[in-house]
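*Asks:* predicted model and sequence below, questions to follow.
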Amino acid sequence: MTQFKNSLRDNAKKTLNNVWSLRPPKIRQRIIYYHSICDWALLSHSTSNFRQQMRWFSENKILVTSVDDCFKILSEDHSAPIIGLSFDDGYADNLDIAVPILQEFGHSATFFVATGFS
């Protein structure tokens, strides 16, 4: 189990390093989504991993914003790299863990909150 979790985290780090190198030269935006940020769930990003990703975006001068703002900025011919960040499902850790980390780095995001199930 620990080996599997380490493998997932290693792959996430590799993905971050490749996220911009795989794009065609003129495309400067990405939409990235998360479900959960917590240290115990197998398929979630850990708090430290999420913080590291947000730090990496800041250090590389990549604007991280809501999906709506991402498209608005792109319509103004913004040439700098930009990420539209979203969280699906509205887990409590999105508010308790992700929001403070986003604020720490001056980022924003879109949160999709499930209000019920049928």
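*Replies:* Happy to help now that I have it. Numbering: from 1, shown residues only.
*Asks:* and residue 50, what's its pLDDT?
*Replies:* Model confidence at residue 50, expressed as pLDDT, equals 95.
*Asks:* skip the chain neighbours and tell me the closest residue to it.
*Replies:* Here the nearest residue to residue 50 in space, its sequence neighbours aside, is residue 37; by C-beta to C-beta, 6 or more residues apart in numbering that works out to 4.8 Å. C-betas here are computed from N, CA, C, even on glycine.
*Asks:* same check, this time on residue 79
*Replies:* Nearest residue to residue 79 in three dimensions, chain neighbours excluded: residue 28, at 6.4 Å (C-beta to C-beta, 6+ apart).
*Asks:* what about that neighbour, distance to residue 58?
*Replies:* Relative to residue 58, residue 28 is positioned 17 Å away (criterion: C-beta to C-beta, to the nearest Å).
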